[in-house]
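Chemist: This is a predicted model, with the sequence first.
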There are 2 protein chains.
Amino acid sequence: MSEPLKIAVAGLGTVGAGTLQLLSEQAELLSLRAGRPLQVTAVSARNRGRDRGVDLSPFAWYDDAVAMARDADADVVVELIGGSDGAAKAVCESAFAAGRHVVTANKALLAIHGTGLARAAESAGVMLAWEAAVAGGIPVIRSLREGLAGNRIDRLQGILNGTCNYILTTMRETGREFDDVLDEAQHLGYAEADPSFDIDGVDAAHKLALLSALAFGAEIDFEGVYVEGIRKIAAMDIQYAGELGYRIKLLGIAEVNQDGIHQRVHPAMVPADAPIAAIEGVFNGVVAHGDFVGMTVLEGRGAGAGPTASAVVGDLMDIACGRRAPTFGISAEALQKIPSLPMDRHVGPYYVRLMVIDKPGVFADIAATLRDCEISLESVLQRSRAPGDVVPVVLTTHEASEASMQRAIDEIERIEAVREPPNMIRIERGSVD
Amino acid sequence: MSEPLKIAVAGLGTVGAGTLQLLSEQAELLSLRAGRPLQVTAVSARNRGRDRGVDLSPFAWYDDAVAMARDADADVVVELIGGSDGAAKAVCESAFAAGRHVVTANKALLAIHGTGLARAAESAGVMLAWEAAVAGGIPVIRSLREGLAGNRIDRLQGILNGTCNYILTTMRETGREFDDVLDEAQHLGYAEADPSFDIDGVDAAHKLALLSALAFGAEIDFEGVYVEGIRKIAAMDIQYAGELGYRIKLLGIAEVNQDGIHQRVHPAMVPADAPIAAIEGVFNGVVAHGDFVGMTVLEGRGAGAGPTASAVVGDLMDIACGRRAPTFGISAEALQKIPSLPMDRHVGPYYVRLMVIDKPGVFADIAATLRDCEISLESVLQRSRAPGDVVPVVLTTHEASEASMQRAIDEIERIEAVREPPNMIRIERGSVD
């Protein structure tokens, strides 16, 4: 039997405890597959006494995770502390300085500091592995980095946040409003007490920035991601989407062309029969397009102790077997600085829901505004009649530029009969073929 | 720049030519990603003169692929000859004997000789890589072998043959009959002139045997796969499936339990809203269940020059980067001989379509037969009335054993009013969660 791979785990929350549990339950199987045992030697967390359902007595305990990363008898440090700065970053740096590999589930850290950390790992000659940082239940990082290594990837779409997908799926299935479903999701543990990180799209944007760096061989540009969350989606919008043959998803979309990279996270209407529309509930999914492979779709759980621990251990197994890959698919020195394109360069069809006073002539004003902005209508729906009252009017447009659309919406909002800010949702192709 | 990875390609059909094209078009990108060039040094095919749209002049030519595998200046031999014996097998053995890695797209070869070839590769200390042998457009081999390496996989389902999936999808979309759609598929190049290998399920069975060996750490047992093709599916069955909330797919299903492995390929009804039901047309898909990760779904093109070349090059990139993995996930010596369970051990719900004379009392005879076989009905549909004529009657059952079901069908067939052999299609859960 070969030497064990020695592992130090920093952070013992749900994922940390799940990782220890997996490594213990599957020890024999992992050892058989890797040809050597995977052995946890040290752990660190804020509170030593807390009951995590895992026996910590076999492991060296460190109060200070940074000291553990530097001093522990370990080949690899698993960083599960979280947060984009502070201890998590210091743990990685300390591990690299000591010549140890790092496995992390920390998308916030990588989205902000990933390029620098990849350089540091490369200089130290060690792996920075991060399968668990994006959609733990989907082996998407190694699929893009290794499985599709023969392809130039030019476009990807992802459902990257399980909380949002659960809320949107439940709204569609039950007809209930956003606040009501969010409240339920919090009770079920699918949403945090402070849900803004998820529902405002920040978490999805972190993951998108990482996937796009990997797919396009670019330096991470999290600041360049356009972000819009799902708070504005009403039950009515979900119902109209259904009538129009769409489902509403919070999508992360990354595309590259000769001008730059377009990265955006926003609610989008996708055709109901598209592969990405079928990814429902807490599941995540990624659709990638490569020049030789065509479209590949990957789906699985996005979060939770089991799926995330599975991803962490997948990375540990690579390290145990000596399988190495550059952090973002190519040498960190070779990552290109590709400019991020601003959102107003986007072109596509749009859905707009207006709440207007039901009286003659209103629609003529709206249509004239759209004409003046050179936007052509594809359809108009006004289901209910209630003369003198406020009713929804739904428009869909042909391809239009985001800049024109924003101008049109500003002007429509000024029309006296329009009583609420228009709700605009972009329409996307559901595939990337 | 490091030394190039030197590659010899045996077999220059569609996939071989596609692989040369990919290696040439993406040379710079591959070299950047691998940190070394991938260089084709030698090729072999039956006909040197044929125009393949690729310039062969830079490569050493061998009339004899086995000699090339032995003698060429190459680190790795790509076997794209096909066939379960003969030259393909000899090429692999010759390559291993000369200490060269092998990359193959040959599922028939591996399904029959994979365990032995894996042992030979292991003895030679080289890789036998086969991502291209199953669903080229999906990085499913490395996902199971590496991405999900922390999991015990207990069940997988796959749509593993694009020809069958195209035919079934087109039948559903157009209401046309099998023969008609097969004919069209042959014209479009989605089906071979002799389509039996695909439509009788043999190709899917080859792939299922490989996936199940990999997922369960078992020796390959292709003979143990129950196989049934799609010739028996009528337009009427597809229509009834729709009415009952199902789609018909040719599924490969592998499950392991304490008694053994159950491997089966047959048409199945899956819930129309299940992830696997959404995999349509020429696309393939695999749904796997792991104890920590839960359900993972992977979808992509199953065949064609581009997707298959993408898979071949993914394996070449692994070899170029020194990433090694055992052929079937664990050392070939550790693969277990797990018995394959016979089909009559299967238990599940069933759909049965009968063509019966529309007259009083027929249904009582059928119901009595089912009762005698201890099969309980879930639903009965008789849409059309035509007293004295032959009409379809459709039954669905609750869970029943295959053995009872086969007995019931034999007896029902003997009822005088039943005018055609009953058409039985198994109903499957569409997910593996």
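Modeler: Cool, the structure landed.
Chemist: For the rest of this, base every contact and every neighbour count on C-alpha atoms.
Modeler: Noted.
Chemist: can you pull out the strands in the stretch 201-350 of chain A?
Modeler: For the stretch 201-350 of chain A, applying DSSP state E, counting those that start in this stretch gives strands covering A:226-227, A:246-257, A:260-271, A:283-290, A:294-301, A:347-348, A:350-357.
Chemist: Between strand A:350-357 and the third one, find me the angle.
Modeler: Okay, so that is strand A:260-271. Compare the direction of strand A:260-271 with that of strand A:350-357 by axes from the mean of the first three to the mean of the last three Cα atoms, to 10 degrees and you get 60 degrees.
Chemist: In strand A:260-271, which residues are buried?
Modeler: Going by neighbour count (16 or more other Cα atoms under 10 Å in any protein chain shown), the buried part of strand A:260-271 is A:261, A:262, A:263, A:264, A:265, A:266, A:267, A:268, A:269, A:270, A:271.
Chemist: One more: the last one?
Modeler: Taking 16+ other Cα under 10 Å as the basis for neighbour counts, the residues of strand A:350-357 that come out buried are A:350, A:351, A:352, A:353, A:354, A:355, A:356, A:357.
Chemist: Using JSON lines, please lay out those residues together with distance to chain B and pLDDT.
Modeler: Formatted as JSON lines, the buried residues of strand A:350-357 follow (distance: Cα to the nearest Cα, whole Å; pLDDT from 0 to 100):
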{"residue": "A:350", "distance to chain B": "26", "pLDDT": "98"}
{"residue": "A:351", "distance to chain B": "25", "pLDDT": "98"}
{"residue": "A:352", "distance to chain B": "28", "pLDDT": "97"}
{"residue": "A:353", "distance to chain B": "28", "pLDDT": "97"}
{"residue": "A:354", "distance to chain B": "32", "pLDDT": "96"}
{"residue": "A:355", "distance to chain B": "33", "pLDDT": "96"}
{"residue": "A:356", "distance to chain B": "36", "pLDDT": "95"}
{"residue": "A:357", "distance to chain B": "39", "pLDDT": "93"}
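Chemist: ok, those residues vs residue B:73, which is closest?
Modeler: Closest approach between these and residue B:73, by Cα to Cα: residue A:350, at 57.3 Å.
Chemist: where does the residue nearest to that closest one when sequence neighbours are not counted land on pLDDT?
Modeler: Once flanking residues are discounted, residue A:350 sits nearest to residue A:426: 4.6 Å by Cα to Cα, 6 or more residues apart in numbering or on different chains. Residue A:426 carries a pLDDT value of 98.
Chemist: ok, now residue A:37?
Modeler: The predicted structure scores residue A:37 at 98 on the pLDDT scale.
Chemist: can you redo the strands of the stretch 201-350 of chain A as TSV with distance to residue B:299?
Modeler: Formatted as TSV, the strands of the stretch 201-350 of chain A follow (distance: least, Cα to Cα, whole Å):
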stretch	distance to residue B:299
strand A:226-227	28
strand A:246-257	19
strand A:260-271	18
strand A:283-290	9
strand A:294-301	5
strand A:347-348	26
strand A:350-357	28
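Chemist: right, so of the ones you listed, which gets closest to residue A:174?
Modeler: strand A:246-257 (13.9 Å).
Chemist: Tell me the helix or strand right after the longest helix seen in chain A.
Modeler: Counting residues, the longest helix found in chain A (DSSP state H) is helix A:107-124. Sequence-wise, the next helix or strand downstream of helix A:107-124 (DSSP states H and E) is strand A:128-129.
Chemist: Direction included, what does that next one pair up with?
Modeler: Sheet pairing for strand A:128-129, assigned by DSSP bridges, gives strand A:101-104 (parallel).
Chemist: okay, now the domains of chain A?
Modeler: Under the assignment automatic domain parsing, the domains of chain A span A:5-133, A:140-301, A:345-427.
Chemist: How about the secondary structure of the residue sitting furthest away from the middle of chain A?
Modeler: Centroid-distance maximum for chain A: residue A:360 at 44.8 Å, with Cα atoms, centre = their mean. When classified by DSSP: H, G, I helix; E, B strand; the rest coil, residue A:360 comes out as coil.
Chemist: Name all residues that make contact with whatever residue of the stretch 301-433 of chain A ends up closest to chain B.
Modeler: Among all residues of the stretch 301-433 of chain A, residue A:307 sits closest to chain B, at 4.0 Å; criterion: Cα to the nearest Cα. Contacts were defined as Cα atoms under 8 Å, 6 or more residues apart in numbering or on different chains; by that measure residue A:307 touches A:136, A:137, A:301, B:292, B:293, B:294.
Chemist: ok, the residue of the stretch 151-300 of chain A found nearest chain B - how many residues close by?
Modeler: Nearest to chain B, among the residues of the stretch 151-300 of chain A, is residue A:293, at 4.0 Å (Cα to the nearest Cα). Residue A:293 has 28 neighbours, counted by other Cα atoms under 10 Å in any protein chain shown.
Chemist: buried residues in stretch A:270-283?
Modeler: Within stretch A:270-283, the residues scored as buried using 16+ other Cα under 10 Å are A:270-272, A:274-283.
Chemist: ok, residues contacting the longest helix of chain A?
Modeler: Helix A:107-124 has contacts (Cα under 8 Å, 6+ apart) with A:82-85, A:88-89, A:92-93, A:96-97, A:99, A:101, A:127-128, A:133-134, A:203, A:206-207, A:209-210, A:219-222, A:326-328, A:331-333.
Chemist: How about the residues of the stretch 201-350 of chain A by chain B?
Modeler: Proximity of the stretch 201-350 of chain A to chain B, by Cα under 8 Å from any Cα of the partner chain, involves residues A:273, A:275, A:278-279, A:292-301, A:306-311, A:313-315, A:317-318, A:321-325, A:329-331, A:334.
Chemist: Now which of the residues you listed would you call buried?
Modeler: Buried among those by 16+ other Cα under 10 Å: A:275, A:278-279, A:292-301, A:306-311, A:313-315, A:317-318, A:321, A:323-325, A:329-331.
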